[in-house]
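Enquirer: I would like the atomic coordinates for the input below:
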Amino acid sequence: MTTESVFTGLKVLDAATYIAGPAAATVLSDFGADVIKIEPPGRGDPQRLLSFVPPSPRAQANYGWHLANRNKRGMVLDLKSPATTEVLKRLVEWADVVITNFPHGTREKLHLGYDEVSSWNPRVIYADLTGFGDAGPDARQPGFDLTAFWSRSGLLASTRDAGGAPTVPVWGSGDYTSAIAIYAAIVTALYRRERTGQGADVGTSLLATGVWATGTLVAGALADGTPFELHDRTAPVNALTNPYRTADGRWLMLATSSVHWPALSRAVGRPELAEDPRFGDFESFSKNAAALSGLLDVAFRSQPFAHWKEVLERARINYSLIQTPEEAAQDPQLRANDIVVPLEGVNGLEYTVNSPVNIRGVPKVPAKRAPDLGEHNDEILAELGFRPADVARLRAQGAIPGTTEAQAA
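Expert: Next comes the predicted model:
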C-alpha cells in the first residue's frame with residue numbers, strides 16, 4: 001500500500017552526486033515525491049563507495065548509500081553521449097524539480113545548465129549546489145564539505161581546543177546540513193510556483209551553509225568584535241559551559257548559567273561556593289573561570305555518571321552525556337521520536353537515520369532501500385514513451401548500458 005504524503009505526485013530528477021544534492025532529494029522522497037536518480041555507467045555515483053572508505057565505520061551493508069538515496073528509482077545514463085540528450089530532455093519535461101551539483105561549465109556540457117533545462121520545462125524548479133558559490137574567482141572550483149563547508153568558512157578553526165591542531169570533522173556532516181538548505185530552497189520555490197505558476201532557479205553552496213553555521217563568529221567579525229581565544233577546558237571563558245569527566249571515565253557537557261549556580265553548587269556538594277565572592281556575579285565568574293573549572297573538575301571526578309545524572313536532573317541543571325555515535329544509535333530517545341526508522345530491503349541494515357523535517361500528523365513514506373545501479377532503466381524509459389526499438393537504439397548508441405553491462409552492475 002502506498003503512503004500518501006505531502007509531496008505524493010511530485011516528480012524529482014536527482015542528477016547530483018555524493019551527498020548534499022541527493023540527500024535533499026531524499027527528504028522530498030520521505031514525503032512521497034517520486035525521485036529518479038541518474039548515475040553514470042560503470043561504478044555509478046561515487047557515493048556508492050563511501051561507506052567502505054576509511055574512516056567510515058566498517059560494515060557489511062552500504063549504509064551511507066541507503067541513507068542518502070532511499071525511496072528512489074535508479075537509472076544509468078551516459079550524459080557524455082549525444083544520444084542521451086533526448087532521454088534527459090524527456091526526464092526534465094517529466095520533472096517538477098531538477099537537482100544537480102555538477103560544476104559550472106561541466107553542467108552546461110552535459111545539457112544540465114539552467115538555461116537549457118528551463119527551455120525544456122519553464123515550470124521546473126532547478127536546484128543546484130556548488131562548493132563556493134556562483135560568482136567570484138573560485139566559482140568553478142570543486143568543493144567538499146571538509147574544504148568548503150568546514151575549512152573555508154572558519155568553522156573548523158573554531159572547533160578545537162587551545163593548543164590543539166585542527167582535526168578532521170565527521171565527514172558528510174556539512175553535506176547533510178547543506179541538504180536541508182537545498183530542500184528549503186526547493187520548497188520555497190514550489191510555494192512560489194503555486195502562487196505564480198513560474199519555475200525558479202534556486203540553490204546554495206557549501207561555503208554559504210558553512211558560514212551560516214559559523215554565523216555567530218563571522219557576524220562578530222563583521223562587527224569588528226574582539227574574539228576570545230580558542231577554548232581551553234582547564235581555563236575556559238565560562239566554566240559553566242564546559243565538559244567535565246566523571247569517576248567512571250565518562251564525559252558530560254555542562255551547559256548552564258550563573259542563574260543556576262546556587263542549585264549547581266548544592267548538586268556538586270559544595271553549597272558554600274554559592275556565597276563565594278569569586279563567583280558572585282557575571283564578571284566574577286568570568287574572571288575566576290579557571291579556578292571554578294578546577295573546583296568542578298574535582299567534584300565531577302568524585303562520582304560516576306549515574307550519580308550526576310540523578311542529581312543534575314533533580315536540580316534541573318542543563319547537561320548532557322557526551323555520547324559516542326554507537327551509543328547515540330542505541331539511544332531510546334531516537335526511536336521514540338522516529339529519529340531512526342526501520343529500513344526495508346537491506347540485509348544487515350534494519351534501521352536508517354530519518355530526515356529531521358517533520359509535519360506532525362502527516363506521515364512520511366516508509367523507508368525502502370536505495371536502488372541498485374540502473375535498476376529501473378527499462379521501467380522509466382517505458383514511462384517516458386520509449387518503445388523497445390528505441391531502447392535498443394539507445395543501447396547501441398551508448399546512451400544506456402547494454403543488457404550484459406546492466407546485469408553486471
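Enquirer: please report the distance of the most centrally placed residue in the chain from Thr26.
Expert: By C-alpha atoms, centre = their mean, the mean C-alpha position of the chain lies nearest to Tyr176, the distance being 0.9 Å. Distance, Tyr176 to Thr26, by C-beta to C-beta, to the nearest Å: 10 Å. For every residue, glycine as well, the C-beta is placed using N, CA and C.
Enquirer: quick one: pLDDT of the spatially closest residue to the residue nearest to the centre of the chain that is not a sequence neighbour?
Expert: Take Tyr176 and drop its neighbours on the chain: the residue closest to it by C-beta to C-beta, 6 or more residues apart in numbering is Ala23, 5.8 Å away. pLDDT recorded at Ala23 is 98.
Enquirer: contact partners for Ala23?
Expert: Leu67, Ala68, Asp175, Tyr176, Ala179, Ser355 (C-beta atoms under 8 Å, 6 or more residues apart in numbering).
Enquirer: for Val218, same thing?
Expert: Ser153, Gly154, Val211 are the contacts of Val218 under C-beta under 8 Å, 6+ apart.
Enquirer: neighbour-wise, give me the winner out of those residues.
Expert: Of all the contacts of Val218, the highest neighbour tally under other C-beta atoms under 10 Å goes to Ser153, namely 24 neighbours.
Enquirer: neighbouring contacts of stretch 340-354?
Expert: 30, 59-63, 66-67, 70, 329, 334, 338-339, 364, 366-369.
Enquirer: before we move on, what about stretch 46-53?
Expert: The contact list for stretch 46-53, computed with C-beta under 8 Å, 6+ apart, reads 17-19, 22, 43, 56, 58-59, 61-65, 68-69, 172, 373.
Enquirer: check stretch 316-335 too.
Expert: So stretch 316-335 is in contact with 57, 243, 250-256, 260, 263-264, 267, 305, 308-309, 312, 339-340, going by C-beta under 8 Å, 6+ apart.
Enquirer: if we go to 10 Å?
Expert: Residues from elsewhere that reach stretch 316-335, judged by C-beta atoms under 10 Å, 6 or more residues apart in numbering: 57, 170, 240-241, 243-246, 250-257, 260-261, 263-264, 267-268, 305, 308-309, 311-313, 337, 339-342, 351, 353-354.
Enquirer: just stretch 268-286 next, same as before
Expert: Stretch 268-286 has contacts (C-beta under 10 Å, 6+ apart) with 236-240, 244, 257-258, 261-266, 287-289, 291-292, 295-296, 298-300, 302-303, 308, 311-312, 315, 317.
Enquirer: helices or strands up against the biggest helix by length in the chain?
Expert: For the chain, the helix with the greatest residue count under DSSP state H is helix 173-196. The contact analysis (3 or more C-beta pairs under 10 Å, 6 or more residues apart in numbering; DSSP states H and E) places helix 173-196 against helix 20-30, helix 63-69, strand 97-100, strand 125-130, strand 200-205, helix 206-213.
Enquirer: between helix 206-213 and it, find me the angle.
Expert: Helix 173-196 runs at 100 degrees relative to helix 206-213, counting by axes from the mean of the first three to the mean of the last three C-alpha atoms, to 10 degrees.
Enquirer: any buried residues in helix 173-196, and which?
Expert: Of all the residues in helix 173-196, those buried under the rule 16 or more other C-beta atoms under 10 Å are 174-183, 185-187, 189-190, 193.
Enquirer: cool, and stretch 249-262?
Expert: Quick answer for stretch 249-262 (16+ other C-beta under 10 Å): Arg250, Leu252, Leu254, Thr256, Ser258, Trp261.
Enquirer: which residue in those residues has the weakest pLDDT?
Expert: Within these, pLDDT is lowest for Ser258, at 92.
Enquirer: let me see the contact set for that one.
Expert: Per C-beta under 10 Å, 6+ apart, neighbours of Ser258: Asn238, Leu240, Leu264, Phe279, Gly280, Asp281, Phe282, Ser284, Phe285, Ser286.
Enquirer: for Val187, same thing?
Expert: Val187 neighbours (C-beta under 10 Å, 6+ apart): Val6, Phe7, Ala24, Val27, Leu28, Phe31, Val97, Ile125, Val202, Val357.
Enquirer: how near is it to Asn101?
Expert: 18 Å.
Enquirer: all strands for the stretch 301-409 of the chain, in order.
Expert: Using DSSP state E, counting those that start in this stretch, the strands found in the stretch 301-409 of the chain span residues 319-321, 340-344, 351-353, 367-368.
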